[in-house]
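**Q** Below: sequence and its predicted model.
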Amino acid sequence: MSTGQGHGAGGFIGAAVVPHAPQMLSLPKSEDAAQVARVRAVMLQIGEAFRAMQPDLVVVVGNDHGDDFILRSVPAFMIHCGPRAAGRDGHCGYWAVDGAAGYALLRAMQDEGFDPAFTLDAPLGTFFTIPIEFMGWTRETPVLPLFVNSYVPPQPSPERCFAFGQALARAMRHIGKRAVLVASGGMSHYPGTTVYAEPGPDDQADEKIFACIAGGNLRSLLSLDADVLDATGNIELRSWLILAGVVGERRPRFTSFEPNWHHNYGTMGWTDLSPQPAPKLWYTAHSPQRVELSRALHALRTEEAAARAWLADPRAFAASFDLAPEEAGALAAMDEAVMRDRMGVHALLTSGALRHLDRVRQAKP
């Protein structure tokens, strides 16, 4: 990773949603090794694209699976601020953590109106370490783990997770770190329940969710309320919702959807989070510089006397308003394209004035 870029130069420059099923690591006989290899290849491809961007920080958002958020304390969100964390299961041993960045982000999130908990020694489940390893980082790479409570009610709502992501994006810019965000979470599955294997994932519903996000409609996740997330086995999409708050409405560069008997593997990567151009709007705000021109057009749209005055002498009508020469010329010529598209006058004023003038012109005196 690169060195820091200085205060105010930071922000998220890349993001990904990735699966973390423990079967991807242990590869039991129930798994399709070729499928896992395909998923792993996509994750590694995204990781390589991220490393080419030389981020200062890798933030991994994981859904706690009852390892820490179950009895003593169950915060909605938690940031790791320790220097290292012990791994679990097939990833035992220590993994490096950027605790200094964790503290900085914690303070910045407090300024944003969120009060996440923090930990100095919480271990990392495979929902953190599988993405780190499969995307090509080593356990010596300092990452920043961020926990979200997805399994123990009352969990943060989808709206709250989305807002947390928006605040996280602002906080990252504030602390001056160029970062990539990895949201670790699986699609419809039901660990620990009687429906884990049968009926298992809802392929049709997951494909619709995946298609919306792949098409750049990340806000579609907000249509899934907390009850729907639970009923459909999609409670881990809270990490995706955090990412959606960070990324906004953008199409990912990498996409992969792999149905599985227990856990649909959805993988996507965004490698361009630069500011987007403002969308073209058909109905623009009133320009402060065009108020007098707008007033003249409103008169033509609503007042018969004004319309007859323009029809009698367009230049004299334009001269009766305090207009700049180019405005007066466009009004006298009733040049809709210039007034609407170049000068930014509201489309209802230009079109309405033209229609009213036409009606008055055709009416008998």
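**A** Sure, I can see it. Just so we're clear, the structure is a prediction, and the values are computed from it rather than from any experiment.
**Q** Give me the below-cutoff pLDDT ranges for the chain.
**A** 1-8, 364-365 (pLDDT under 70).
**Q** What residues of stretch 125-142 count as buried?
**A** Within stretch 125-142, the residues that count as buried by 16 or more other C-beta atoms under 10 Å are 125-137, 139, 142. For every residue, glycine as well, the C-beta is placed using N, CA and C.
**Q** How about stretch 316-336?
**A** Neighbour counts using 16+ other C-beta under 10 Å place 317-318, 323, 327-328, 330-332, 334, 336 of stretch 316-336 among the buried residues.
**Q** Go through those and name the one nearest Asn149.
**A** Comparing the buried residues of stretch 316-336 against Asn149 with C-beta to C-beta places Glu336 closest, at 55.9 Å.
**Q** The closest one: what's its closest spatial neighbour, skipping adjacent residues?
**A** Nearest residue to Glu336 in three dimensions, chain neighbours excluded: Thr350, at 4.7 Å (C-beta to C-beta, 6 or more residues apart in numbering).
**Q** Which strands and helices lie in contact with whatever helix or strand that neighbour lives in?
**A** Assigned by DSSP states H and E, Thr350 belongs to helix 347-362. Using 3 or more C-beta pairs under 8 Å, 6 or more residues apart in numbering; DSSP states H and E, the elements in contact with helix 347-362 are helix 291-302, helix 304-312, helix 336-337.
**Q** okay, the angle between that helix and helix 291-302?
**A** 40 degrees (axes from the mean of the first three to the mean of the last three C-alpha atoms, to 10 degrees).
**Q** Just the residues contacting helix 347-362, thanks.
**A** Contacts to helix 347-362, defined as C-beta atoms under 8 Å, 6 or more residues apart in numbering, come from residues 282-283, 294, 297-298, 300-302, 304, 307-308, 310-311, 334, 336, 339-340.
**Q** at 10 Å instead, please
**A** For helix 347-362, contacts defined as C-beta atoms under 10 Å, 6 or more residues apart in numbering pick out 281-284, 286, 290, 293-308, 310-311, 314, 330-331, 334-341, 343, 345-346.
**Q** could you list every residue that touches the nearest residue to Pro259 once chain neighbours are set aside?
**A** Using C-beta to C-beta, 6+ apart and skipping residues adjacent in sequence, the residue nearest Pro259 is Asp203, 5.1 Å away. Listed by C-beta under 10 Å, 6+ apart, the contact set of Asp203 reads 187-188, 257, 259-260, 264.
**Q** how far is the helix holding Thr350 from where the chain is centred?
**A** In terms of C-alpha atoms, centre = their mean, to the nearest Å, the centre of helix 347-362 is set 42 Å apart from its chain centre.
**Q** Could you tell me the angle between it and helix 304-312?
**A** Using the same axes, to 10 degrees: helix 347-362 against helix 304-312 is 70 degrees.
**Q** pretty sure Val36 is touching Tyr265, no?
**A** Yes: assessed by C-beta atoms under 10 Å, Val36 is found in contact with Tyr265 at 8.4 Å.
**Q** out of the buried residues of stretch 316-336, who's nearest Trp240?
**A** Glu336 (45.1 Å).
**Q** Can you report how many residues lie near the residue nearest to Glu336?
**A** By the criterion of other C-beta atoms under 10 Å, Thr350 has 25 neighbours.
**Q** One more: Leu241?
**A** 28.
**Q** For it, which residues are in contact?
**A** 61, 148, 156-165, 183, 185, 218-219, 221-222, 224, 229.
**Q** can you do 6 Å?
**A** Residues near Leu241 by C-beta atoms under 6 Å, 6 or more residues apart in numbering: 158, 161-162, 221.
**Q** do Gly125 as well
**A** 65, 67, 88.
**Q** ok, now Ser184?
**A** 18, 20, 62, 127, 131, 239.
**Q** for Ile235, same thing?
**A** Ile235 neighbours (C-beta under 6 Å, 6+ apart): 150, 229.
**Q** about what we covered before: what separation is there between the residue nearest to Glu336 and Asp341?
**A** Distance from Thr350 to Asp341, counting by C-beta to C-beta, to the nearest Å: 9 Å.
**Q** Would you mind measuring from the residue lying closest to Leu124 once chain neighbours are set aside to His346?
**A** Nearest non-adjacent residue to Leu124, counting by C-beta to C-beta, 6+ apart: Ala85, 4.6 Å away. According to C-beta to C-beta, Ala85 stands 57 Å off from His346.
**Q** okay, these two: which has more neighbours?
**A** The neighbour count for Ala85 versus His346, taken as other C-beta under 10 Å, is higher for Ala85 (23 against 19).
**Q** In a strand, the more buried one, correct?
**A** Yes: under DSSP: H, G, I helix; E, B strand; the rest coil, Ala85 sits within a strand.
**Q** if we can go back for a sec, which of the contacts of helix 347-362 are buried? Put it as a PyMOL command.
**A** The PyMOL command for the buried members of the contacts of helix 347-362 (criterion: 16+ other C-beta under 10 Å) is given here:
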select buried, resi 290+293+294+296+297+298+299+300+301+306+307+310+314+330+331+334+336+338+339+340+343+345+346
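**Q** Ramachandran coordinates for the residue nearest to Pro259?
**A** phi -60, psi -40 (degrees, to the nearest 10).
**Q** Please report how far it lies from Gly266.
**A** 11 Å.
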